[in-house]
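>>> the following block contains a protein sequence and its predicted model.
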Amino acid sequence: MKKLKSNKINLLIVFCIITMFIFISYNRYVLATINNDEEILFVLEEFFTNKNNCILSKDLEGLESFYNLDNKISRWAYETEVQKINYLDNWSSKQGINFNNIKSNIKINNVKSKANNVYSIICSISTDVTYNYLNDSTENTFGLASVHYLDLKIENDNLTILKEWYADPLVDSLDLKKIKADNIQEFILAQKYPNFILNERLEKAMDYAHSYCGVSLNGSDFKYNSDYKDFNSQGGDCANFASQILHEGGFKKNSIWNYSAGSGTKAWVNAQAFKNYMVNSGRGNYICKGKYENIYKDAFKLRPGDFVAYEDKGKITHISTVTGLDSKGYPLVTCHNADRLLVPYDLGWSNSNIVFHLIHVNY
């Protein structure tokens with residue numbers, strides 16, 4: 001009997017030792033995972049800081065140091081960033097501005113360790129960009145957000161980008177040829193911020209747009225309104241978000257323009273149908289329509305609450321809502337896919353085949 005009792009005690013001791021070993025091992029694993037993620041976040045923050053500085057200073061050699069140009073995918077990612085630098089230089093010359101700062105806020109969504117110190121990372125990036133006009137020291141800030149898919153090799157404190165993919169808000173304009181912009185720049189620099197007052201409906205609509213655009217200036221708050229379905233995986237969420245803004249501003253739903261139970265009518269969720277509905281219903285009316293060089297002067301008539309529809313090859317492919325003006329009164333838009341907050345309305349839509357539809361909304 002004593003022997004049996006002794007065996008039970010020994011088994012209990014062994015069980016306790018095994019349990020403690022598992023507990024300690026698990027906590028070591030968790031701590032190692034947390035430390036690893038923190039290290040990767042630190043590396044990512046350093047990389048995006050250096051990358052943004054290279055973009056600001058047009059330092060192509062510095063940018064190249066992060067990529068393996070012998071790797072086809074890595075070279076493609078590098079060449080895309082070079083195109084972006086050239087585009088921003090082109091656009092800023094047309095606009096008459098200097099970019100002052102680019103700051104990225106990073107939220108890691110997933111990390112997967114591969115062989116040979118390679119990590120596959122999915123992260124959300126919210127980027128703040130500040131600029132001022134050549135004859136005006138006032139700083140203007142806009143925000144861009146996107147999800148990045150990266151393969152990084154981290155070895156001996158060195159980082160190499162093996163793969164980088166993201167829905168670039170500027171991608172449609174990266175092949176833009178040099179703009180003959182002297183007259184455009186002269187006109188923009190001569191403008192002044194206009195006087196206007198937002199009524200209560202417009203204030204509610206603008207607050208809603210800035211809260212749920214998926215971008216947060218000076219932070220990493222990537223937020224959509226969960227009361228609405230996200231249609232990005234079904235062709236885009238821009239019209240859905242523009243409709244939400246209008247509804248928050250007091251426009252009532254009807255049989256043509258409606259959303260309920262996770263589904264919206266065509267006029268609510270489709271860019272072409274949304275634009276047609278707004279104009280045909282009398283809720284909106286045209287300011288003008290045309291290529292950039294023909295509409296940029298009239299665009300200064302846009303005010304918060306109005307919207308811009310972008311036509312490509314005869315079809316409206318995107319909707320952005322005007323939610324502010326910069327220090328020269330240049331219209332700033334907020335939208336989904338790619339997520340933008342108070343971005344100059346033509347930035348990323350400057351390619352020559354785009355036709356702009358500028359629509360005033362009758363709040």
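Received, thanks.
>>> CA atoms for contacts and neighbours, from now on please.
Fine.
>>> could you point out which element follows the lowest-mean-pLDDT helix or strand in the chain?
Taking mean pLDDT, DSSP states H and E as the measure, the helix or strand of the chain with the lowest value is helix 2-57, at a mean of 60. Per DSSP states H and E, the first helix or strand lying C-terminal to helix 2-57 is helix 60-64.
>>> give the buried residues for that next one.
Using 16 or more other Cα atoms under 10 Å as the test for burial, helix 60-64 gives 60, 63-64.
>>> ok, the residues you listed vs G264, which is closest?
Distance to G264 across those (Cα to Cα) is lowest for L63, with 43.9 Å.
>>> was I right to think the closest one contacts K51?
Yes. L63 lies in contact with K51 (Cα atoms under 8 Å); the separation is 6.2 Å.
>>> one step back: what's the closest of the buried residues of helix 60-64 to V147?
Of all those, V147 sits closest to L63, with 20.4 Å by Cα to Cα.
>>> and N90, which of the three is it?
Taken by DSSP: H, G, I helix; E, B strand; the rest coil, the conformation at N90 corresponds to helix.
>>> dump the residue contacts of N98.
By Cα atoms under 8 Å, 6 or more residues apart in numbering, the contact set of N98 is 92, 131-134.
>>> closest one of the residues you listed to A209?
Closest approach to A209 among the contacts of N98 (Cα to Cα): Y131, at 22.0 Å.
>>> go through the helix or strand where H210 lies and flag the buried ones.
For H210, the element it lies in under DSSP H and E is helix 200-211. Neighbour counts using 16+ other Cα under 10 Å place 201-206, 208-211 of helix 200-211 among the buried residues.
>>> again with stretch 253-264
For stretch 253-264, a neighbour-count test (16+ other Cα under 10 Å) marks 257-259, 264 as buried.
>>> mark which of the residues you listed are part of helices, please.
Using DSSP state H, no member of the buried residues of stretch 253-264 falls within helices.
>>> how much space between the most centrally placed residue in the chain and E79?
Per Cα atoms, centre = their mean, the C-alpha nearest to the average position across the chain is that of A145, at 2.1 Å. Distance, A145 to E79, using Cα to Cα, to the nearest Å: 21 Å.
>>> also D37?
29 Å.
>>> mind listing the strands for the stretch 201-350 of the chain?
259-260, 263-264, 284-290, 307-312, 315-325, 331-335, 339-344 (DSSP state E, counting those that start in this stretch).
>>> out of those, deepest packed?
Highest mean neighbour count among the strands of the stretch 201-350 of the chain (mean count of other Cα atoms under 10 Å): strand 331-335, with a mean of 28.
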